[in-house]
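Visitor: Need coordinates for the below:
(chains A and B)
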There are 2 protein chains.
Amino acid sequence: MTQLYSSVKPTPMLKDELDIVIPTIRNLDFLEMWRPFFEQYHLIIVQDGDPSKAIKIPEGFDYELYNRDDINRILGPKASCISFKDSACRCFGYMVSKKKYIYTIDDDCFVAKDPSGKDINALEQHIKNLLSPSTPHFFNTLYDPYRDGADFVRGYPFSMREGAITAVSHGLWLNIPDYDAPTQLVKPLERNSRKFDLSLRYVDAVMTIPKGTLFPMCGMNLAFDRELIGPAMYFGLMGDGQPIGRYDDMWAGWCVKVICDHMGWGVKTGLPYIWHSKASNPFVNLKKEYNGIFWQEEAIPFFQSVTLPEECTSVQQCYLELAKLVKEKLGKVDPYFNKLATGMVTWIEAWEELNSAEGTEAKAPNGKSE
Amino acid sequence: MTQLYSSVKPTPMLKDELDIVIPTIRNLDFLEMWRPFFEQYHLIIVQDGDPSKAIKIPEGFDYELYNRDDINRILGPKASCISFKDSACRCFGYMVSKKKYIYTIDDDCFVAKDPSGKDINALEQHIKNLLSPSTPHFFNTLYDPYRDGADFVRGYPFSMREGAITAVSHGLWLNIPDYDAPTQLVKPLERNSRKFDLSLRYVDAVMTIPKGTLFPMCGMNLAFDRELIGPAMYFGLMGDGQPIGRYDDMWAGWCVKVICDHMGWGVKTGLPYIWHSKASNPFVNLKKEYNGIFWQEEAIPFFQSVTLPEECTSVQQCYLELAKLVKEKLGKVDPYFNKLATGMVTWIEAWEELNSAEGTEAKAPNGKSE
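Guide: Got it, this is the predicted structure:
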């Protein structure tokens, strides 16, 4: 085995090129379990809810923390595009980061074990996914052809084997699957009992979601190339004062996928798994979701049929075009989409402001940087 | 566990609705290993090469055997559409079958073991795949949502959860992966040594290949609904007298996928695995493949851009339309494609003839039916 394994290149860990973004309302005890894997990275913590509440961060982590007061101060009137009382606020962290890559994780997600019982370094797998190409233009039946020991199968065109740049790595969950409220309600067994939960199946694969295909992107365990696709990673208007929740990551996923398809970039899903510790309350979830469940029946066909004009050559241009189309086509479904389209435009304005040369100085978070 | 497992429905084994098609040039000793799984089914053996050679079939199997003389006798001049000295001849078996489902397997494929060490009943998994719906219109990140214990994830539109009818189940291979000759030549380790072959990864998943996405369909371990998609399962003109080999299943896969997309049917890939015992000679393969490797660079973009007219409402109509387009667009690439297009038309004529009420009597194979 030695001979082969020694030829497998170690994964560059990108210490200075990746920020971990965590939205939270509580003390971040969950970081203790992640210490061996996260301690070397810079954390951006986006505190949701009451800004006067102090949040404890375990010793030894390098972080900056933003609460609602910071967001309002830094963005001014443009803070309207950042959700409040919803984990959608995490996208503020993407905006203030100065790194090339982002990994975002929920604070109820723990280190999972692979079938051999070994702790899974989720971040390492995400980095592997992001640093190797994708295959959005033709399906490889043996999954990721760039993985050590794998390859393209017979019949895979040679001209396509270079692949596409990877923009997004979508990781999965063991224990509690990411179900909607109706499914949670109907399948209590899959929620309550680890033993009986057959959906805990560990699938040892990473794959590219083909061009032209949408997917439900979950924000629980997600990494992306911020320099490439960051401006499209807007988690929308959710939570406080909005008629919808729990569709923040879905919204981002539809927009991101359409834009990646247009730009020729790849989106991967599969490994790594994290351990999702507990299901959220299905009754509360139902209240947040019911509009989304209804509206997605219109929104998904809209995104499936969207074609961005060739003139859109940057993510910002694509995103503003998408905002225009959302107003035009989905505004009819509910006035909420007009508000959301405005939020999309404000988001891009705020992104540009913070990510220009001058924008950098505006930031002054609570917290510490070592 | 009992409680949950007892609620899982047993798979109907479709004894009287499925034929197993095996192309071969040798004694079928490999059937001994498959006895517990195949013995209850009817086999259609398509003997390739010298028809005077007698082929031994292990005792106790129910089979019919066709050699080249039988094919010529049954099809007359239309036998020109059936390849000789190439496993593409297997599609003759699809044509003479009267069953709803077909499972086709190569004679160098053995029973694989799952990670727990249990023998995999490949046929049972194919039947599960074919009898449960597909999801070609939206991607489910937890793979097959119809599998026991799995479901649709949050954000999957409810209107799409009924899924689509499944037409094809494409199984995979442990041990020797299905690589092309250049990859075989470049990666001898992955061919020679089981121990070192990391590509032996068992991926515990079945998934639908999304609408609009082509894939390299391998004929080694393949099941399909013959009544639905049979007329498109033509394995082309390969082998003796043809400038190409080892593209029979690829050709069928491109045609089948385009037609399934048009008809709204699903194609699944993943489980079950079989054990592929030995790699074929890469030097011989290279000779067979080199034209295909070159031509697929034109053929795949052709199939990716094909749109079938709405008027085509049967697989036969779709297939004849495709034949017309192949002549029109690929005839320029090489005259071979004109010949192939003619073969496609002849195949449909022969299919219609054999599968009409009168056609049934024409068949009189060598062999025995119990």
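Visitor: Please report how far residue A:147 lies from residue A:295.
Guide: Distance of residue A:147 to residue A:295, computed by Cβ to Cβ, to the nearest Å: 37 Å. (Each C-beta comes from the backbone N, C-alpha and C, glycine too.)
Visitor: isn't residue A:133 right up against residue A:162?
Guide: Yes - if you go by Cβ atoms under 8 Å, residue A:133 and residue A:162 touch, sitting 6.8 Å apart.
Visitor: Among the two, which residue is more densely surrounded?
Guide: residue A:133 (18 against 8; other Cβ atoms under 10 Å in any protein chain shown).
Visitor: which ones are touching residue A:141?
Guide: Residue A:141 makes contacts with A:153, B:170, B:172, B:215, B:216, B:218, B:269, as judged by Cβ atoms under 8 Å, 6 or more residues apart in numbering or on different chains.
Visitor: Of those, which belong to helices?
Guide: Among the contacts of residue A:141, no member falls in helices (criterion: DSSP state H).
Visitor: List just the nearest of these to residue B:261.
Guide: Comparing those against residue B:261 with Cβ to Cβ places residue B:215 closest, at 11.6 Å.
Visitor: show me the contacts for residue A:236.
Guide: Counting by Cβ under 8 Å, 6+ apart, residue A:236 touches A:83, A:88, A:247, A:248, A:251, A:252, A:340, A:343, A:344.
Visitor: tell me the two of these that are most distant?
Guide: Largest separation among the contacts of residue A:236 by Cβ to Cβ: A:247 and A:344, giving 14.1 Å.
Visitor: out of those two, which sits in the more crowded spot?
Guide: Per other Cβ under 10 Å, whichever of residue A:247 and residue A:344 has more neighbours is residue A:247, with 28 against 24.
Visitor: Do you know the pLDDT at that one?
Guide: The per-residue pLDDT reported for residue A:247 equals 97.
Visitor: Quick one: residues contacting the nearest residue to it once chain neighbours are set aside.
Guide: Nearest residue to residue A:247, sequence neighbours excluded (Cβ to Cβ, 6 or more residues apart in numbering or on different chains): residue A:292, at 3.9 Å. By Cβ under 8 Å, 6+ apart, the residues touching residue A:292 are A:244, A:245, A:246, A:247, A:250.
Visitor: run the last query once more with 7 Å
Guide: Taking Cβ atoms under 7 Å, 6 or more residues apart in numbering or on different chains, we find residue A:292 in contact with A:244, A:246, A:247.
Visitor: So the closest residue to residue A:355 other than its chain neighbours versus residue B:174, what's the distance?
Guide: In space, and not counting its chain neighbours, residue A:355 is closest to residue A:95: 7.5 Å by Cβ to Cβ, 6+ apart. Separation of residue A:95 from residue B:174 (Cβ to Cβ): 46 Å.
Visitor: Is there a quick PyMOL command that grabs whichever of the contacts of residue A:141 are buried?
Guide: Those of the contacts of residue A:141 that count as buried under 16 or more other Cβ atoms under 10 Å in any protein chain shown are selected in PyMOL with:
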select buried, (chain A and resi 153) or (chain B and resi 170+172+215+216+218+269)
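Visitor: Up against chain B, what does the stretch 1-150 of chain A have?
Guide: A:1, A:4, A:138, A:139, A:141, A:142, A:143, A:148, A:149, A:150 (Cβ under 7 Å from any Cβ of the partner chain).
Visitor: what's the most distant pair in the residues you listed?
Guide: For these, and using Cβ to Cβ, no pair is farther apart than A:1 and A:138, which are 31.8 Å apart.
Visitor: Between those two, which is the more surrounded one?
Guide: Of the pair residue A:1 and residue A:138, residue A:138 is the one with more neighbours under other Cβ under 10 Å, namely 22 against 8.
Visitor: That one falls within a helix, correct?
Guide: No - counting by DSSP: H, G, I helix; E, B strand; the rest coil, one finds residue A:138 to be coil, located in no helix.
Visitor: Surely it is in contact with residue A:160?
Guide: Yes - at 5.3 Å, residue A:138 counts as touching residue A:160 under the criterion of Cβ atoms under 7 Å.
Visitor: those helices in the stretch 201-350 of chain A, which residues are they?
Guide: A:226-229, A:248-263, A:282-305, A:315-325, A:336-354 (DSSP state H, counting those that start in this stretch).
Visitor: Go through the ones you listed and name the closest to residue A:79.
Guide: Of all the helices of the stretch 201-350 of chain A, it is helix A:336-354 that lies closest to residue A:79, at 8.1 Å by Cβ to Cβ.
Visitor: and the angle from the closest one to helix A:248-263?
Guide: Relative orientation of helix A:336-354 versus helix A:248-263 (axes from the mean of the first three to the mean of the last three Cα atoms, to 10 degrees): 70 degrees.
Visitor: name the helices or strands packed onto helix A:336-354?
Guide: Judged by 3 or more Cβ pairs under 7 Å, 6 or more residues apart in numbering or on different chains; DSSP states H and E, helix A:336-354 is in contact with helix A:91-96, helix A:315-325.
Visitor: What separation do you get for the residue nearest to residue A:220 when sequence neighbours are not counted and residue A:276?
Guide: Take residue A:220 and drop its neighbours on the chain: the residue closest to it by Cβ to Cβ, 6+ apart is residue A:106, 4.6 Å away. Residue A:106 sits 8 Å away from residue A:276, going by Cβ to Cβ.
Visitor: overlap in contacts of these two?
Guide: When contacts are counted by Cβ under 7 Å, 6+ apart, residue A:106 and residue A:276 have residue A:220 as shared neighbours.
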